[in-house]
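Student: here's a sequence, model it:
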Amino acid sequence: MKWFTEVEAGRSRYLLSYESKILFLGSCFSDEIGTRMRESGFNVLVNPFGVLYNPASIAVSLKRLVERTPADIKDLVKDGSVYKSIYYSSDFSSMEANSLLDNLNSSIIRDSDFMAEADTIALTFGTTWIYTRQSDGRVVSNCHKQPASGFIRSSMSVDECFDAIAPFVEKMGGKRWFLSVSPVRHLKDGAVENMASKSRLILAIHKLAACYENVIYFPAFEIVMDQLRDYRFYSADLVHLSKDAADYIWERFSDFALDDNSRDLLRDYKRLADMKKHKPLFPESPEYKEFLTRMEEFENILIKKRK
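Tutor: Model (predicted):
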């Protein structure tokens with residue numbers, strides 16, 4: 001007896017390998033997949049601006065990377081005694097404005113270089129809702145607890161989502177684009193608006209994929225909603241995915257996007273990642289030093305297998 005309908009993802013016409021260089025931008029789901037690829041030895045840069053939720057914020061971030069836009073004092077806001085940028089998450093903050101600007105300007109050069117060399121860009125959209133600062137009309141990536149009266153909140157249409165991303169696909173035509181919609185639910189506006197927002201994102205991506213051959217859609221949202229479709233696969237907040245669900249999506253993405261050699265190495269890299277997470281009771285002990293030697297030898301073996 002069949003108890004569920006499997007969502008067929010097939011196999012991407014463009015496959016990723018250990019030779020690929022991949023930039024991940026987008027929601028916390030992008031963080032999840034990107035981090036797993038990094039732990040598996042892939043050459044990736046994951047959310048250099050922090051988590052980004054909507055196509056407009058992602059487009060702003062792409063533009064800053066393309067143009068190597070330096071951080072400016074006008075980008076900063078104060079959250080208590082801490083300075084933060086409207087284009088970055090709270091992970092990027094400092095009690096000194098100049099120190100934060102220096103750090104952001106160093107990172108934008110490094111991250112721009114990575115994107116220029118990357119052959120693949122993976123974007124995950126979470127919502128169509130955006131926040132525009134009233135004082136200067138700029139779309140912010142993070143409000144940083146500033147008063148709500150300082151922002152205009154609006155929802156992007158299908159065409160606006162398409163128009164935000166399409167110029168970059170055209171400008172960087174030699175790159176492959178893997179797009180997905182995050183299965184993480186945005187319930188602040190209710191379940192109905194969450195689904196309406198996700199639907200607009202899906203339609204925009206399908207439009208992009210229809211217009212550009214190098215745009216690939218991975219149906220993460222559909223796999224969770226139409227195949228897993230059970231609260232067992234959500235964490236305690238009933239919004240984010242459980243570990244089992246994240247593991248399954250990673251398995252499906254690997255089957256969809258990775259070449260055969262890369263998939264064969266995933267189990268070994270999972271073992272290496274677990275070894276690196278080991279926290280010894282006695283770091284100076286001979287046994288732990290021997291463990292580090294074995295781990296280094298194992299990693300070198302995997303590097304040779306990759307090539």
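Student: quick one: Ile301 from Asn43, how far?
Tutor: For Ile301, the distance to Asn43 equals 18 Å [CB to CB, to the nearest Å]. Where you see a C-beta, it was placed from the backbone N, CA and C, and this is true even at glycine.
Student: and those two? Which one has more around it.
Tutor: Comparing Ile301 with Asn43 by neighbour count (other CB atoms under 10 Å), the higher total belongs to Asn43, at 15 against 12.
Student: so that one bridges to which residues?
Tutor: As for beta bridges, Asn43 partners with Lys21 under DSSP bridges.
Student: ok, it to Glu117 distance?
Tutor: Counting by CB to CB, the separation of Asn43 from Glu117 is 9 Å.
Student: and for Met275?
Tutor: Counting by CB to CB, the separation of Met275 from Glu117 is 29 Å.
Student: any weak-confidence spans in this structure?
Tutor: Counting by pLDDT under 70, the chain shows low-confidence ranges at 1, 307.
Student: show me where it has its helices.
Tutor: 28-39, 55-67, 97-117, 158-171, 191-211, 220-222, 243-257, 260-276, 286-306 (DSSP state H).
Student: I'd like to know which elements the second one is packed against.
Tutor: The reference is to helix 55-67. Counting contacts by 3 or more CB pairs under 8 Å, 6 or more residues apart in numbering; DSSP states H and E, helix 55-67 is packed against strand 21-26, helix 97-117, strand 120-125, strand 139-140, helix 158-171.
Student: would you turn those into a markdown table with distance to Arg11 and mean neighbour count?
Tutor: Rendered in a markdown table, the data for the helices and strands packed on helix 55-67 read as follows (distance: least, CB to CB, whole Å; neighbours: other CB atoms under 10 Å):
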| stretch | distance to Arg11 | mean neighbour count |
| --- | --- | --- |
| strand 21-26 | 18 | 24 |
| helix 97-117 | 26 | 15 |
| strand 120-125 | 16 | 26 |
| strand 139-140 | 36 | 20 |
| helix 158-171 | 22 | 18 |
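Student: can you lay out these as a markdown table showing distance to Phe218?
Tutor: What follows is these, written out as a markdown table (distance: least, CB to CB, whole Å):
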| stretch | distance to Phe218 |
| --- | --- |
| strand 21-26 | 12 |
| helix 97-117 | 20 |
| strand 120-125 | 9 |
| strand 139-140 | 26 |
| helix 158-171 | 15 |
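Student: of these, which is nearest Val51?
Tutor: Closest to Val51 of those, according to CB to CB: strand 21-26, at 7.7 Å.
Student: elements contacting the closest one?
Tutor: Checked by 3+ CB pairs under 8 Å, 6+ apart, strand 21-26 has helix 28-39, strand 43-46, helix 55-67, helix 97-117, strand 120-125 packed alongside it.
Student: out of those, nearest to Glu284?
Tutor: helix 28-39 (26.5 Å).
Student: contact partners of that closest one?
Tutor: For helix 28-39, the surrounding residues in contact (CB atoms under 8 Å, 6 or more residues apart in numbering) are 22, 24, 44, 46-47, 51, 122-124, 126, 180, 182-184, 220, 240-241, 246, 249-250, 253, 269-270, 273.
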